[in-house]
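Undergrad: next comes the sequence, and after it the predicted model I'd like to discuss.
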Amino acid sequence: MNLYDLPEILEAFTNLIRALAWPLLIGVVVFYFRKEIRELLKKLQELKAIGGPGLWNFLFDSSGDSQPPQAPAMLTSSSGTGQVAAPFDKTKYGNIFWVGHDLLWTVAQLLSRGPREKILEGLFQSKHHLSEIRFTEPAFIRRLERIYQEAERTQESDWTVERRGKAATEIQSLAREIGGLVAANQTGFKSHPS
(Lines give C-alpha, C1' and ligand atoms only; values in the text may rest on other atoms or scores of the structure.)
Protein backbone atom coordinates (compact mmCIF):
# COMPACT_ATOMS: atom_id res chain seq x y z
CA MET A 1 0.00 0.00 0.00
CA ASN A 2 1.33 3.35 -1.03
CA LEU A 3 1.13 6.36 1.31
CA TYR A 4 0.00 8.48 -1.59
CA ASP A 5 -3.10 6.26 -2.00
CA LEU A 6 -4.32 6.91 1.57
CA PRO A 7 -6.37 10.07 0.74
CA GLU A 8 -8.13 8.20 -2.07
CA ILE A 9 -8.84 5.25 0.21
CA LEU A 10 -10.20 7.56 2.96
CA GLU A 11 -12.37 9.39 0.42
CA ALA A 12 -13.74 6.08 -0.91
CA PHE A 13 -14.48 4.92 2.64
CA THR A 14 -16.24 8.24 3.43
CA ASN A 15 -18.33 7.94 0.27
CA LEU A 16 -19.27 4.39 1.24
CA ILE A 17 -20.37 5.54 4.71
CA ARG A 18 -22.41 8.38 3.17
CA ALA A 19 -24.05 6.00 0.71
CA LEU A 20 -25.01 3.51 3.43
CA ALA A 21 -26.12 5.97 6.16
CA TRP A 22 -29.68 6.64 4.97
CA PRO A 23 -30.50 3.07 3.95
CA LEU A 24 -29.20 1.82 7.30
CA LEU A 25 -31.19 4.45 9.20
CA ILE A 26 -34.36 3.61 7.25
CA GLY A 27 -33.76 -0.10 7.84
CA VAL A 28 -33.43 0.45 11.60
CA VAL A 29 -36.62 2.58 11.71
CA VAL A 30 -38.59 0.02 9.65
CA PHE A 31 -37.34 -2.82 11.86
CA TYR A 32 -38.22 -0.94 15.05
CA PHE A 33 -41.74 0.02 13.83
CA ARG A 34 -42.46 -3.14 11.79
CA LYS A 35 -45.64 -4.03 13.72
CA GLU A 36 -47.13 -0.58 13.33
CA ILE A 37 -46.17 -0.40 9.65
CA ARG A 38 -47.77 -3.80 9.00
CA GLU A 39 -51.04 -2.70 10.67
CA LEU A 40 -51.03 0.57 8.72
CA LEU A 41 -50.51 -1.27 5.43
CA LYS A 42 -53.43 -3.59 6.21
CA LYS A 43 -55.69 -0.61 6.86
CA LEU A 44 -54.54 1.08 3.66
CA GLN A 45 -55.24 -2.11 1.70
CA GLU A 46 -58.77 -2.23 3.15
CA LEU A 47 -59.31 1.39 2.22
CA LYS A 48 -57.98 0.83 -1.30
CA ALA A 49 -60.15 -2.27 -1.73
CA ILE A 50 -63.22 -0.29 -0.83
CA GLY A 51 -62.20 2.40 -3.25
CA GLY A 52 -63.22 5.62 -1.64
CA PRO A 53 -62.23 8.11 1.01
CA GLY A 54 -65.88 8.59 1.94
CA LEU A 55 -65.79 5.41 4.00
CA TRP A 56 -62.87 6.54 6.17
CA ASN A 57 -65.05 6.78 9.28
CA PHE A 58 -66.56 3.35 8.66
CA LEU A 59 -63.15 1.66 8.57
CA PHE A 60 -61.33 3.75 11.13
CA ASP A 61 -64.06 4.27 13.70
CA SER A 62 -62.78 6.80 16.20
CA SER A 63 -65.15 5.64 18.92
CA GLY A 64 -62.66 2.98 20.02
CA ASP A 65 -65.45 0.40 20.28
CA SER A 66 -63.43 -2.75 19.78
CA GLN A 67 -65.51 -4.79 22.21
CA PRO A 68 -68.21 -7.14 20.96
CA PRO A 69 -71.75 -5.89 21.24
CA GLN A 70 -73.40 -6.21 24.62
CA ALA A 71 -76.91 -7.47 25.10
CA PRO A 72 -79.43 -4.67 24.92
CA ALA A 73 -80.88 -3.47 28.22
CA MET A 74 -84.38 -4.53 27.18
CA LEU A 75 -83.48 -8.18 27.77
CA THR A 76 -84.15 -8.25 31.49
CA SER A 77 -86.46 -10.51 33.37
CA SER A 78 -89.38 -8.96 35.17
CA SER A 79 -90.53 -12.28 36.58
CA GLY A 80 -87.63 -12.53 39.02
CA THR A 81 -86.66 -15.97 37.71
CA GLY A 82 -83.61 -14.72 35.88
CA GLN A 83 -84.90 -16.27 32.66
CA VAL A 84 -85.16 -14.03 29.62
CA ALA A 85 -87.63 -14.89 26.87
CA ALA A 86 -85.76 -15.12 23.59
CA PRO A 87 -87.20 -12.86 20.89
CA PHE A 88 -86.58 -15.64 18.35
CA ASP A 89 -86.69 -19.43 17.92
CA LYS A 90 -83.42 -20.67 19.44
CA THR A 91 -83.69 -24.04 17.71
CA LYS A 92 -83.23 -22.57 14.20
CA TYR A 93 -79.41 -22.55 14.33
CA GLY A 94 -78.94 -22.44 10.59
CA ASN A 95 -81.26 -19.48 10.11
CA ILE A 96 -79.67 -17.64 13.04
CA PHE A 97 -76.27 -18.09 11.37
CA TRP A 98 -77.56 -17.01 7.96
CA VAL A 99 -79.18 -13.83 9.31
CA GLY A 100 -75.77 -12.60 10.46
CA HIS A 101 -74.03 -13.93 7.38
CA ASP A 102 -76.43 -12.26 4.95
CA LEU A 103 -76.36 -8.94 6.77
CA LEU A 104 -72.56 -8.85 6.70
CA TRP A 105 -72.49 -10.16 3.11
CA THR A 106 -74.68 -7.19 2.20
CA VAL A 107 -72.23 -4.85 3.95
CA ALA A 108 -69.44 -6.39 1.87
CA GLN A 109 -71.48 -5.86 -1.32
CA LEU A 110 -72.04 -2.23 -0.39
CA LEU A 111 -68.40 -1.53 0.40
CA SER A 112 -67.01 -3.33 -2.63
CA ARG A 113 -69.35 -1.47 -4.98
CA GLY A 114 -71.47 -4.52 -5.65
CA PRO A 115 -74.49 -4.05 -7.92
CA ARG A 116 -77.87 -2.93 -6.57
CA GLU A 117 -79.33 -6.39 -7.26
CA LYS A 118 -76.80 -8.01 -4.92
CA ILE A 119 -77.60 -5.47 -2.19
CA LEU A 120 -81.32 -6.24 -2.57
CA GLU A 121 -80.60 -9.98 -2.57
CA GLY A 122 -78.67 -9.75 0.71
CA LEU A 123 -81.38 -7.67 2.37
CA PHE A 124 -84.13 -9.98 1.08
CA GLN A 125 -82.31 -13.06 2.39
CA SER A 126 -81.75 -11.37 5.77
CA LYS A 127 -85.48 -10.63 6.01
CA HIS A 128 -86.25 -14.25 5.09
CA HIS A 129 -84.02 -15.68 7.82
CA LEU A 130 -85.41 -13.28 10.44
CA SER A 131 -88.86 -14.50 9.47
CA GLU A 132 -87.76 -18.15 9.71
CA ILE A 133 -86.52 -17.73 13.29
CA ARG A 134 -89.77 -15.92 14.13
CA PHE A 135 -87.90 -12.85 15.29
CA THR A 136 -90.28 -10.83 17.47
CA GLU A 137 -88.44 -7.53 17.97
CA PRO A 138 -90.50 -5.18 15.78
CA ALA A 139 -87.93 -2.37 15.88
CA PHE A 140 -85.34 -4.55 14.12
CA ILE A 141 -87.82 -5.83 11.57
CA ARG A 142 -89.01 -2.29 10.77
CA ARG A 143 -85.44 -1.03 10.37
CA LEU A 144 -84.49 -3.85 8.02
CA GLU A 145 -87.72 -3.44 6.04
CA ARG A 146 -87.11 0.33 5.73
CA ILE A 147 -83.56 -0.25 4.44
CA TYR A 148 -84.89 -2.82 1.94
CA GLN A 149 -87.69 -0.56 0.69
CA GLU A 150 -85.31 2.37 0.29
CA ALA A 151 -82.96 0.15 -1.71
CA GLU A 152 -85.85 -1.05 -3.89
CA ARG A 153 -86.73 2.54 -4.82
CA THR A 154 -83.21 3.33 -6.02
CA GLN A 155 -81.42 3.08 -9.33
CA GLU A 156 -77.89 1.74 -9.75
CA SER A 157 -76.59 5.29 -10.18
CA ASP A 158 -78.04 6.31 -6.78
CA TRP A 159 -75.51 4.15 -4.95
CA THR A 160 -72.77 6.69 -4.32
CA VAL A 161 -69.82 5.96 -2.06
CA GLU A 162 -71.42 8.08 0.66
CA ARG A 163 -74.79 6.28 0.42
CA ARG A 164 -73.07 2.90 0.46
CA GLY A 165 -71.08 3.85 3.54
CA LYS A 166 -74.16 5.06 5.38
CA ALA A 167 -76.17 1.93 4.51
CA ALA A 168 -73.25 -0.34 5.43
CA THR A 169 -72.88 1.34 8.81
CA GLU A 170 -76.61 0.97 9.53
CA ILE A 171 -76.71 -2.69 8.47
CA GLN A 172 -73.58 -3.48 10.46
CA SER A 173 -75.17 -1.86 13.52
CA LEU A 174 -78.28 -3.99 13.00
CA ALA A 175 -76.14 -7.13 12.73
CA ARG A 176 -74.29 -6.27 15.96
CA GLU A 177 -77.54 -5.68 17.83
CA ILE A 178 -79.03 -8.95 16.62
CA GLY A 179 -75.76 -10.68 17.55
CA GLY A 180 -76.08 -9.16 21.03
CA LEU A 181 -79.59 -10.58 21.38
CA VAL A 182 -78.45 -14.02 20.25
CA ALA A 183 -75.47 -13.93 22.63
CA ALA A 184 -77.68 -12.85 25.54
CA ASN A 185 -79.87 -15.89 24.97
CA GLN A 186 -77.06 -18.42 24.82
CA THR A 187 -76.35 -20.02 28.18
CA GLY A 188 -72.71 -19.56 29.13
CA PHE A 189 -71.85 -17.38 26.14
CA LYS A 190 -68.23 -16.15 26.23
CA SER A 191 -67.17 -13.45 23.78
CA HIS A 192 -63.46 -14.11 24.41
CA PRO A 193 -61.55 -17.27 25.36
CA SER A 194 -60.32 -15.67 28.62
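TA: Done, it's in. These numbers were taken from a predicted model, which means no experiment stands behind them.
Undergrad: now do the contacts for the closest residue to E152 other than its chain neighbours.
TA: Nearest non-adjacent residue to E152, counting by C-beta to C-beta, 6 or more residues apart in numbering: L120, 6.5 Å away. Placement of C-beta: from N, CA and C, glycine included. Residues in contact with L120 (C-beta atoms under 8 Å, 6 or more residues apart in numbering) are Y148, A151, E152.
Undergrad: quick one: what helix or strand has L120 in it?
TA: helix 116-132 (DSSP states H and E).
Undergrad: and for L181?
TA: Per DSSP H and E: helix 161-184 holds L181.
Undergrad: so how far is that helix from its chain's centroid?
TA: Relative to its chain's centre, helix 161-184 lies at 10 Å (C-alpha atoms, centre = their mean, to the nearest Å).
Undergrad: helices and strands around it, which ones?
TA: Helix 161-184 sits against helix 56-59, helix 93-111, helix 138-152, with contacts defined as 3 or more C-beta pairs under 8 Å, 6 or more residues apart in numbering; DSSP states H and E.
Undergrad: what mean pLDDT does it have?
TA: Averaging pLDDT along helix 161-184 gives 88.
Undergrad: between helix 93-111 and that helix, find me the angle.
TA: With axes from the mean of the first three to the mean of the last three C-alpha atoms, to 10 degrees as the basis, helix 161-184 and helix 93-111 are set at 160 degrees to each other.
Undergrad: give the buried residues for helix 161-184.
TA: Applying a neighbour-count criterion of 16 or more other C-beta atoms under 10 Å, one finds 161, 164-165, 167-172, 174-182, 184 buried in helix 161-184.
Undergrad: so where's this structure shaky on pLDDT?
TA: Low-confidence segments of the chain, defined by pLDDT under 70, are located at 1, 3, 44-86, 194.
Undergrad: how about a cut-off of 80?
TA: 1-6, 41-93, 135-137, 189-194 (pLDDT under 80).
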